[in-house]
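*Asks:* fold the following for me, if possible:
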Amino acid sequence: MSNQKLTLAAAAEALIEAAGLEADAISQKEMLQNLDSLKASFDSNLVTVVQTMKASNDNLINTLNHHLTGVKNEINALRSLLEEEKKQKTLYRALDLADVNSFKYYYYHYHSHSYKDESTEGLAKRAIKWFIMGYGMVISSDYSLERYGSSKGKLEFREKFMEQIKQLIQREPRMCHKDNGDFEIYYA
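*Replies:* You can find the predicted model right below:
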C-alpha cells in the first residue's frame, strides 16, 4: 500500500502540475489576448491623439498665418503712410526751394499780343501745389526759352523745367503730351 500511496501521490502531483500548466497556458493565452486588446486600444488611442494634435496644430498654424497676414497688412499700411508722409515733406520742402535753379522763360500774352518773361519759380510752385493735392499740372505749349517761341526754345524749356522739378522733388516727374501741344507733368 505504501507503493500505491506513492503512485497515487505521484499521479496526484502530476495532475496538479498538469492543471497548473494548463492554467498557465490559459493564463498566457488570456494575457496574449489582453495584450492584443491593449495594443489595439493603444493604437486606436494613439491615432486619435495624433489626429487631435494634428488638428490642433493645423488650427494653430492657420491662426498664426491669419495673424501674420494681418501684421503684414499693417506693415504695408504703415509703409504706405510713411512713403506718403515722406512725399509730402519733400513736396513742401520743394515748395520752399522753388527759386533754386529757376530761370527766365517767355510766353505769349494773348491780351497784350506780346511776349512776356517770367521766372520759373512761380510755375514750379504751382506745379508742386498740384502735386501736393495729388494732381498733375498742364504746362502751356507757348512757354519757351526764346522770346518768340521757336520749336527749339519750347523743347529746351520743357527739358530745363522738367530738370528743375526733378531736382526739387528728388524724382523724375512723369510727363504726358496733350493733343493741343501742351503737356502735363505729374509726381511720379
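
*Asks:* what distance separates the helix-or-strand element of the chain with minimal mean pLDDT from the middle of the whole chain?
*Replies:* When each helix and strand of the chain is scored by mean pLDDT, DSSP states H and E, helix 2-96 comes last, with a mean of 81. Centroid separation for helix 2-96 versus its chain: 35 Å, with C-alpha atoms, centre = their mean, to the nearest Å.

*Asks:* likewise for stretch 80-100?
*Replies:* For stretch 80-100 - counting by C-alpha atoms, centre = their mean - the centre lies 25 Å from the chain centre.

*Asks:* what's the answer for stretch 105-117, then?
*Replies:* On C-alpha atoms, centre = their mean, the centre of stretch 105-117 falls 52 Å from the chain's centre.

*Asks:* tell me the buried residues in it?
*Replies:* For stretch 105-117, a neighbour-count test (16 or more other C-beta atoms under 10 Å) marks 105, 106, 107, 108 as buried. Placement of C-beta: from N, CA and C, glycine included.

*Asks:* in a markdown table: those residues, plus distance to residue 22 and secondary structure.
*Replies:* Putting those into a markdown table (distance: C-beta to C-beta, whole Å; DSSP: H, G, I helix; E, B strand; the rest coil) gives the following:
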| residue | distance to residue 22 | secondary structure |
| --- | --- | --- |
| 105 | 120 | strand |
| 106 | 125 | strand |
| 107 | 122 | strand |
| 108 | 126 | strand |
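
*Asks:* centre-most residue in this protein?
*Replies:* In the chain, the centroid-proximal residue (C-alpha atoms, centre = their mean) is residue 72; its distance is 5.3 Å.

*Asks:* rounded mean pLDDT for stretch 114-122, please.
*Replies:* Per-residue pLDDT over stretch 114-122 has a mean of 90.

*Asks:* brain fart, stretch 171-188
*Replies:* Rounded mean pLDDT across stretch 171-188 is 90.
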